[in-house]
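In: here is my input; please provide its structure:
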Amino acid sequence: MTQLLISVTNVAEAQIALEHGADFIDLKDPSKGALGALPLITIHEVVAYVNNQNQYGKRLTSATIGDLPMQPELILEHVVALAKTKVDIIKIGFFEATDYQSCLDVLKTITQNGVKLIAVLFAEYQYPASLINAIKAAGFYGVMLDTAHKNGATFLDYFSENAMQAFAERVNTQGLLFGLAGSLTLQHVAVAKKINPTYMGFRGGVCAQNQRNLSLSSEKIKAIRKLM
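Out: Got it, this is the predicted structure:
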């Protein structure tokens, strides 16, 4: 069954997400871009909180390193720092670049030590056909499809349903987790479920007025959880 990821900014929002059925608690700062990073101290606090909420069973945490250019040393520095918070999964945005392999090469040293990384690809960008294979070879845990520009467009604005199915199959064939996000709302759940992602991620779609910088809506989370 497809699982539910809710992006939160603090402990209070993590509590709301857990109470209403989130499987993944994702940490990011929506005011700082598509994958804006929260302060490490905030991430540490939320991770500790989630890990202590035993009444919900095991819930995974994830966090992003921020909207960073694809510079190997810079990416590595932020991943190493984030790993110290004990977050379960680290998300890395694959923003437009001419060379992804250099970053994958340095990150392989991280995955070999058991750190779980997810490559976040963006629906707006064209990637090399070989990238999914290279991500797998670098030891990544999964791939997530998101949107870079938070203007209300979703994967449906860039992919046909057949093309999306083909993309998902490429990821699944490699044995990688597949996440789907990017301005998703309640109305997108039925179509997204057909693609059978490992999880669907929400932020704006579960906030007041569908605005990602506003507060979480418990009613919207419950409605999406019910459909899933």
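In: tell me the SS of the residue of the chain most remote from its centre?
Out: Distance from the C-alpha centroid of the chain, by CA atoms, centre = their mean, peaks at Q55 (24.2 Å). Classification of Q55 using DSSP: H, G, I helix; E, B strand; the rest coil returns helix.
In: Y49 versus that one, what's the distance?
Out: 13 Å (CB to CB, to the nearest Å). (C-beta placed from N, C-alpha, C; glycine too.)
In: likewise for E73?
Out: Taking CB to CB, one finds E73 at 32 Å from Y49.
In: then A22?
Out: A22 sits 13 Å away from Y49, taking CB to CB as the criterion.
In: more crowded one of the two?
Out: Higher neighbour count among A22 and Y49: A22, with 27 against 17, using other CB atoms under 10 Å.
In: hang on, that one packs against S218?
Out: No - with contacts counted by CB atoms under 8 Å, A22 stays clear of S218, the gap being 11.0 Å.
In: who's in contact with L74?
Out: For L74, the contact set (CB atoms under 8 Å, 6 or more residues apart in numbering) comprises L68.
In: confirm that it sits in a strand.
Out: No - with three-state DSSP as the criterion, L74 is helix rather than part of a strand.
In: tally of neighbours for A168?
Out: A168: 20 neighbours (other CB under 10 Å).
In: that one sits in which helix or strand?
Out: Assigned by DSSP states H and E, A168 belongs to helix 161-173.
In: following that helix in sequence, what is the next regular element?
Out: Downstream of helix 161-173, the next assigned helix or strand under DSSP H and E is strand 177-180.
In: buried sites along the very next helix or strand once past that next one?
Out: Downstream of strand 177-180, the next assigned helix or strand under DSSP H and E is helix 189-194. Residues of helix 189-194 classed as buried: 189, 192 (neighbour count, 16 or more other CB atoms under 10 Å).
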